[in-house]
Structures are given as C-alpha cells and as structure tokens.
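J.: With the sequence up front, the predicted model follows.
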2 protein chains.
Amino acid sequence: MTNSNRSKPVRAATLADVGRAAGVSAMAASAVLNGARTSSRIAAETRARILEAAARLRYRPNATARALVNRRMNTIGVTAVIGGGELNAYAMEIFTGILSAAAHANQNTTMFTLHDWGRDTARLQGWCDGRIDGMILIAPTLDLEAAKLLPTHTPFVALHANTVLPNVINIESDEERGAYEMVRHLISLGHRRIMHVSGNRGFIGAERRINGYKRALANAEIPFSESLLVPATYVGDTARAAMSAWLKRNAGQPLPDAVFCANDGIAIGCLEAFAELGLRVPDDISVAGFDDTLAARTTVPQLTTVRQPLQAMGTRAAEVLLSLIARHADGGVLDFPNPIVFPVEMVMRSSVAAARGSARIVPGNPPVRS
Amino acid sequence: MTNSNRSKPVRAATLADVGRAAGVSAMAASAVLNGARTSSRIAAETRARILEAAARLRYRPNATARALVNRRMNTIGVTAVIGGGELNAYAMEIFTGILSAAAHANQNTTMFTLHDWGRDTARLQGWCDGRIDGMILIAPTLDLEAAKLLPTHTPFVALHANTVLPNVINIESDEERGAYEMVRHLISLGHRRIMHVSGNRGFIGAERRINGYKRALANAEIPFSESLLVPATYVGDTARAAMSAWLKRNAGQPLPDAVFCANDGIAIGCLEAFAELGLRVPDDISVAGFDDTLAARTTVPQLTTVRQPLQAMGTRAAEVLLSLIARHADGGVLDFPNPIVFPVEMVMRSSVAAARGSARIVPGNPPVRS
DNA sequence: CTGAAAGCGCTTACAG
DNA sequence: CTGAAAGCGCTTACAG
C-alpha cells in the first residue's frame, strides 16, 4: 500500500480568509478571535459570524506572524550535549521536568544538541534568533571567554554549570553535602575501606563529590588513601573499565568494603565489573550511587544513592527562565538568588549493607578483604 | 550573590541595522549575507563592509521573520504521551533518534506532550500553526474520527500508530515475528509452560505480540492455555502487580518454565515480583522482554529481549518527514511505502536459560514446577 | 550592479 | 462601534 500526497500545497486559513468569509475586515476577525476584552466592541451578530467562519475554516493564528509582532515565540530552548549518540539519563530526567513546567505554562520546548560545549558555542548563539524566548543550558562547561559571547537579548538559565556564567542563573544541588552524607552513612555501617570512583576530574561537580568524600573520611579520622580514589568519567562504561583495571591491578590485595560512586551510571559500571568476577553486592561489597536516575531502580540490587531532585530542578529552571523572559520583555529588573541550590536526599535501597567483617576470597582473580 | 538583569530590553540587530552600519540598504545586506549566488552581484568592497558590520553587530537573521516569508520554520514537532509525569524509556529512545536525524539536517525539534490522545486531539491541531513544518506522532492511539481532524497543511509521520491514519506514513517493526521468534527460542531451549504477560489488550502492538506467541505455541503443538496469558499494561508497575497476583492465585500450582513479556518494563516488573518471592532468574524461571531499551542492560541478570531498533526508527521517521515536507512545499507527489516495517532482532542475554526440568518449590508462597 | 516596493500573517495604534 | 494604515524583520520579484 502506498500513500500519495495530494498535489496542491494546502495552506492554512489566514485572518484575511476568515474576514472574507464573514464579510468583515481581517482586523475585526482578529479582535473577535483574540478574546473578550477587544471583541466586546463588536456586534453580537457579527461576532457570531466571525466565530462560525473561523471554526469552519479551522482557523489558527499563524505562530510565526504572531511571534514577529509580539517578539515572543512562546517556546523555550534546552541545550544539552549528546554523547555517543544519546542523551544520558541525567539530561533526560531534567528535560522531563522542563517539559512539564513549560507545558503547564503553555510554552513549547525545543531541544538542541551539542557535541562539545567548547567548539559549538557559535551554534548556541545562532539559536537565539527569535525562535526561542529563552534558553536552558544543561550542565554546560563553557569557559569565560565563550560565556561572554552568549547573546544578551536572550535570557539564560543553567543547570549544574561548570563555571560561573555572567548573567546566567545557575541551578544546582548540594553535591558536597550529598557525598559527605553518603560516605558518613557507609562509615556508620561499619565500613572503613571506602573507595570513591569519581566523575571527570576538573568538573566542578566531580570535585565537590570528592571533597565531600574526603571530608567524611577526615571527620571519622579515616586516613585518605590516594589508591582508593579511582578517577573515571560520568559514563558507565569508563567506570566499568576503570574498576576492572583496578581489581586486576590489586589482585591479592584487600577488597574495599564499599564503593561510593560519583553517579548512578558509574555505580552500574561497578556492578557489572563486580558481577564479572562473581563478587556479590552487597554481600561482598557495598555500592552507592549518586543522582537517583530511573536506572537506580532497575538494577538488581537496586541502588542506594544520593537523590538530586533532577525533575524538580528542571521544573524550577523552566519557571525561573519564564519569569526572566517576562521581565526581560517589559524591561524590568529581576533579582534572583544565584546559584539556586537544591537539597539532596539519601535514598536507601539494597546495594548497601552493614559491614560483614569477614575476609573473603574473590573467585577467579582473588583480591582478599582485609 | 544576586543577579540583576540589565534594565534596557536588549534587541538583536536587524538587517536594517547592518545596512545602516555599512551604509547600504537592508536588501543589499540580505543579498550578501545569504550566500554567494546572490551576493556575487555586489562589489567586493561593499561586500566586505557589510560582512564586517554584521559580524560586529553579531547579526543573526530573525527566524520568525524568515519563517513568515519562507513558510518554513526549520523545525519538526514530536508528540508523545507523558504518563505519570515522565516520558517512558521507549519514547525517549525514539526521540533521541529523531533528534540526531533532525540535527544532521539542520532542523530543530520541538517536543509536545499529551496526557491522552483521545481528549487532546485539538491541541495537536493547534500546534500546526506555522511553528513546525511537520509532526511525528509517537505511538498515537487516535480513532478515525480524530485522525480526520488532523490538519492537511502539515505532513505527519507516525511510529507504531494504533490504527491506520489516513495520509499518515506509519513506521513500525515486525512485532508479530519478534514475539514468534522469541517464543520459538524459548521452546527450543526446552521450555513448555510458557507464560505471556501482555501489553494493553486492544492495542495493536499488544495483539500482534500475543498472535506471535500463539503462533509459536501452535507450531510446536503446545496447547494454548488462557491461564498463562496474563493481561497487563506497558507500565512495569502494573505488570509487577499482575504477576504477583497471579503467583498468589496459583500458589501450589506449577510455576511456568519461562515468561515472555510484551516489553522490557513488564519484564522488569516480573523480575521484581520474582525477587520478592525469592525466585531466581533464570535458574527457577526464564524471563524475556521486548524492545531492548536501555533498561534491558542494567537489570541483573541482563534481559534477553526482542530488539526493536527504536533509535533507527526515530531517525527514519525524521528523514521521511523531512522529505514529505520538502515535497509538500513544492507541491510534488510523494510515494512512500506505508507502513514502513523494520525487522526485529533477538538479543540473547542472561535472563533466559535452558530448561532445567526439575521441579522446584517456591519459598514462601509455594507454587511447584510441573 | 544596485535600490525601492510589495508582501508573508499578524497586532497595535490611530482615524472615522 | 468599526475600518484603514503602519509595522514586526525578512525575502522575492521588479525597476533603474
């Protein structure tokens, strides 16, 4: 079966069409169709005729024409990096929050993707050409140089910006505290040899989590050991490889009691690396994540993790942006706290258990618990 | 620290601004800025001056003005249902495919969400008001009545449409065959009592999977048993509840050898229901999914599943839509096969194993394997 | 080779 | 209470 498009390029009805059909001017039609306030001045009978014509012709005001006049497209933009062909769970979760807030305010949201924040800054500018009223940046890593090139006629909001962006409200969560609390929790369970698999070194979020980890250690007077800080990236596969390599390198050495991972993807990578060696979680080793993305609930065992309210943060980002846009339009001044910091929350599931104490031989490539 | 917006509403530079700055007309600036073909007619020196002015003023052609003239917004729309506050993994995967194809063609994509296809058809029409050039519908369940109201001035493409939509190209996968192949695989592994937990009854995809399941059974001369067809919905939690209820209802009865689930979410729900009773997968029971969403790889054990190439299907949807848009614009006729059917693929992971044969008592609430 | 005009579809003042 | 005009920022014919 084939589907052939009709050959006449069908056009949507315009205000002029409606006016013609109702025997009035386009302007009269506009007044009626735009609501009570203006249309009260038009005779009821005329009004009815216009309404009928509009319905019959399925009239919809053209969004681009409207936008040209109103300087308002009623859509917000969202930019995120797309790595390895897909958006990660973190960005998706935020995007969902943005989407619902925007829909709630009758705004559309259009998604832009970048391969690299550094190289693609120019594209960012290109999108601020009237097609959106404001832009949300998800986890931008822009240097100050690039940040200065952001257009000033479009309001920006960022989530987890890696640097302080001038004139950009940043929304973040209390990552240092989240890391601190989680490691403190592990310690309270009797764990002492606690490993941290970090996110990309140099990224502000990764450093904050490392700081929280170190602070919790110091607080409990557990000496920090460089060998237990495994640098990885926020991509699960990297973490899996890093953990596997670590286990191989430390064959015969004591296994850590617990691993605190800089995000859920890393935790899943560790889960896989451990499964490969027949290590059981949490029996042989406890694993904690960070973020509480959807994936944290679909692993077995489910992940104990630090919850960042990503959807709520996305929602807030959209709300802040929308008020920024409104103020920007009427030239008003707007004072927002900057950054806006969300509290994190511990989510206890089953990948973390109390310390067992007993040493264990790992099958295959045997490290030994101290 | 607070961030105060500058009070003068900054405006983007216009063509007139550029012309003024370069001492030429807006039209001359337009010609130069729009590329070689037209700009060849302008003196090199003038040209340079215009280019310099545009760069200095950071000129970007206004997208809405351009769209008004060209009848082309260079953005495609995507509509999906948002359930329980979030897009599901299935829709996200497709969306990612659309996104990359659109970006590749220099098109934006804006995402629209619906709560209910039936009630919200009018909104669908409202979005076809010039802000998008075409629309992709993800898994629409529209009745013919509603489908007829879709505007004819905007091209549509659907993925997994639940009904045949007039003038809409539908993209789907060979679901019946996928179900058939998976159940045949389970049978070849020695399983006989094979359960199917279905998607929403009445949805064409769910019915196709049921048909494939039945056909494979019939082919192997295994009688179909109504009690092994457990109706659920595509939401994992429903499936979990349905499976738990089934297990309770059939306490003392033989446990199935294997469960074929209508999607990965359902399979995860089953995994949870089994874990709750201490049943081990695949030792006590094999579990197979459908879709191969990201979640299929983060479960333990990882899911054996029928892979629908969701990203590729999204990509194809965008490509088809884009050519539909191009033809629509120049009034041409376009013949596409309809529906476009993608092959599915078996993905073997560890949630399915060969039949053990031995009867097992389920701890707690004991069904017994026959 | 260059400029002035018309028009895309709408809304917002301004006249009658 | 109603219509004719101007303008949003651009592009596409059409004159010079």
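T.: That came through, no problem. Numbers count the residues shown, from 1 in each chain, chains lettered A, B, ... in the order given.
J.: going forward, measure contacts and count neighbours with C-alpha atoms only.
T.: Fine.
J.: Show me what residue of chain A gets nearest to chain B.
T.: A:T110 (3.9 Å; Cα to the nearest Cα).
J.: For that residue, what are phi and psi?
T.: phi -110, psi 140 (degrees, to the nearest 10).
J.: For it, list each beta-bridge partner.
T.: For A:T110, the residues forming beta bridges with it (DSSP bridges) are A:G77, B:T110.
J.: the strands in the stretch 251-370 of chain A, which residues?
T.: A:258-261, A:286-291, A:304-307, A:335-337, A:340-342, A:345-347 (DSSP state E, counting those that start in this stretch).
J.: Compare the mean pLDDT across those and name the weakest.
T.: With a mean of 85, strand A:335-337 has the lowest mean pLDDT of the strands of the stretch 251-370 of chain A.
J.: what about stretch A:152-162, near chain B?
T.: Yes: using Cα under 8 Å from any Cα of the partner chain, we find that stretch A:152-162 touches chain B at A:152-153.
J.: pLDDT score assigned to the closest residue to DNA strand C within the stretch 51-200 of chain A?
T.: Residue nearest to DNA strand C within the stretch 51-200 of chain A (Cα to the nearest atom of the strand): A:P61, separated by 3.3 Å. Per-residue pLDDT puts A:P61 at 92.
J.: From the chain's centroid, how far away is the host helix or strand of A:E207?
T.: Using DSSP states H and E, the element containing A:E207 is helix A:204-219. Taking the mean of its C-alpha atoms, helix A:204-219 sits 22 Å from the chain's own mean (Cα atoms, centre = their mean, to the nearest Å).
J.: buried ones in it?
T.: A:204-217 (16 or more other Cα atoms under 10 Å in any protein chain shown).
J.: Can you give the contact residues for it?
T.: A:160, A:162-163, A:175-181, A:183-184, A:196, A:198-201, A:223-224, A:262 (Cα atoms under 8 Å, 6 or more residues apart in numbering or on different chains).
J.: The stretch 1-150 of chain A: strands as residue ranges?
T.: Going by DSSP E, counting those that start in this stretch, the stretch 1-150 of chain A shows strands at A:2-4, A:75-81, A:108-114, A:134-138.
J.: Same list (those) but as a markdown table, adding distance to B:G130 and mean neighbour count.
T.: Shown next, in a markdown table, are the strands of the stretch 1-150 of chain A (distance: least, Cα to Cα, whole Å; neighbours: other Cα atoms under 10 Å in any protein chain shown):
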| stretch | distance to B:G130 | mean neighbour count |
| --- | --- | --- |
| strand A:2-4 | 23 | 15 |
| strand A:75-81 | 13 | 23 |
| strand A:108-114 | 13 | 23 |
| strand A:134-138 | 19 | 26 |
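J.: how about these in JSON lines, adding distance to A:I285 and mean pLDDT?
T.: Output for the strands of the stretch 1-150 of chain A, formatted as JSON lines (distance: least, Cα to Cα, whole Å; pLDDT from 0 to 100):
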{"stretch": "strand A:2-4", "distance to A:I285": "58", "mean pLDDT": "41"}
{"stretch": "strand A:75-81", "distance to A:I285": "33", "mean pLDDT": "96"}
{"stretch": "strand A:108-114", "distance to A:I285": "38", "mean pLDDT": "94"}
{"stretch": "strand A:134-138", "distance to A:I285": "33", "mean pLDDT": "97"}
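J.: could these go into TSV alongside distance to DNA strand D?
T.: Putting the strands of the stretch 1-150 of chain A into TSV (distance: least, Cα to the nearest atom of the strand, whole Å) gives the following:
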stretch	distance to DNA strand D
strand A:2-4	27
strand A:75-81	17
strand A:108-114	21
strand A:134-138	16
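J.: Check which helices and strands the longest helix along chain A is in contact with.
T.: Criterion DSSP state H: the longest helix present in chain A is helix A:310-329. On a contact count with 3 or more Cα pairs under 8 Å, 6 or more residues apart in numbering or on different chains; DSSP states H and E, helix A:310-329 meets helix A:89-104, strand A:134-138, strand A:156-159, strand A:169-173.
J.: who touches the first one?
T.: Helix A:89-104 is contacted from outside by A:76, A:78, A:80, A:108-109, A:138, A:291, A:293-295, A:310-319, B:85-87, B:92, B:111-113, using Cα under 8 Å, 6+ apart.
J.: Between helix B:89-104 and that helix, find me the angle.
T.: Between the axes of helix A:89-104 and helix B:89-104, defined by axes from the mean of the first three to the mean of the last three Cα atoms, to 10 degrees, the angle is 90 degrees.
J.: what's the model's confidence in helix A:89-104, averaged?
T.: pLDDT averaged over helix A:89-104 gives 93.
J.: what sits against the residue in chain A that DNA strand D sits nearest to?
T.: Nearest residue of chain A to DNA strand D, counting by Cα to the nearest atom of the strand: A:I42, 2.5 Å away. Remark: with contacts taken as Cα under 8 Å, 6+ apart, A:I42 is in contact with A:28, A:32.
J.: Go again with 6 Å.
T.: Contacts for A:I42 were tallied using Cα atoms under 6 Å, 6 or more residues apart in numbering or on different chains; there are none.
J.: how close does it get to DNA strand C?
T.: Applying Cα to the nearest atom of the strand, to the nearest Å, the value for A:I42 to DNA strand C is 11 Å.
J.: and A:F260, what is it in contact with?
T.: A:F260 neighbours (Cα under 6 Å, 6+ apart): A:196, A:288.
J.: mind redoing it with 7 Å?
T.: Neighbouring residues of A:F260 by Cα atoms under 7 Å, 6 or more residues apart in numbering or on different chains: A:195-197, A:287-289.
J.: Would you point out the most distant pair within those?
T.: A:M195 and A:G289 (12.0 Å; Cα to Cα).
J.: Compare these two and say which one has the larger neighbour count.
T.: Neighbour totals were compared for A:M195 and A:G289, and A:G289 leads with 29 against 23 (other Cα atoms under 10 Å in any protein chain shown).
J.: A:A67: what's it in contact with?
T.: So A:A67 contacts A:73, B:64 (Cα under 7 Å, 6+ apart).
J.: tilt between the helix holding A:E207 and strand A:286-291?
T.: Going by the same axes, to 10 degrees, helix A:204-219 makes 140 degrees with strand A:286-291.
J.: Kindly calculate the angle that helix A:204-219 makes with strand A:169-173.
T.: Here the directions of helix A:204-219 and strand A:169-173 differ by 40 degrees (the same axes, to 10 degrees).
J.: Quick one: mean pLDDT for the helix or strand that helix A:204-219 is followed by?
T.: Using DSSP H and E, the next helix or strand after helix A:204-219 towards the C-terminus is strand A:229-231. Strand A:229-231 shows a mean pLDDT of 97.
J.: what helices or strands is strand A:229-231 leaning on?
T.: If you count contacts as 3 or more Cα pairs under 7 Å, 6 or more residues apart in numbering or on different chains; DSSP states H and E, strand A:229-231 packs onto strand A:194-198.
J.: Please name every helix or strand in contact with the strand it packs on.
T.: strand A:229-231, strand A:258-261.
J.: from the chain's centre, how far out does the longest one sit?
T.: What it means is strand A:258-261. That offset, for strand A:258-261, works out to 23 Å (Cα atoms, centre = their mean).
J.: Sheet partners, orientation included, of that strand?
T.: strand A:194-198 (parallel), strand A:286-291 (parallel).
J.: when you compare where the last one runs with where helix A:310-329 runs, what's the angle?
T.: Going back to what we said before, that points to strand A:286-291. 20 degrees.
J.: now do the shortest one
T.: If you take the same axes, to 10 degrees, strand A:194-198 sits at 40 degrees to helix A:310-329.
J.: For strand A:194-198, the averaged confidence score.
T.: Per-residue pLDDT over strand A:194-198 has a mean of 98.
J.: And for stretch A:159-166?
T.: 92.
J.: start to end distance for that stretch?
T.: 14 Å (Cα to Cα, to the nearest Å).
J.: for chain B, what are the nearby residues on the stretch 151-300 of chain A?
T.: A:152-153, A:167, A:268, A:295, A:298-300 (Cα under 7 Å from any Cα of the partner chain).
J.: rerun at 10 Å
T.: Counting by Cα under 10 Å from any Cα of the partner chain, the stretch 151-300 of chain A comes close to chain B at A:151-155, A:166-169, A:265, A:268-269, A:271-272, A:275, A:294-300.
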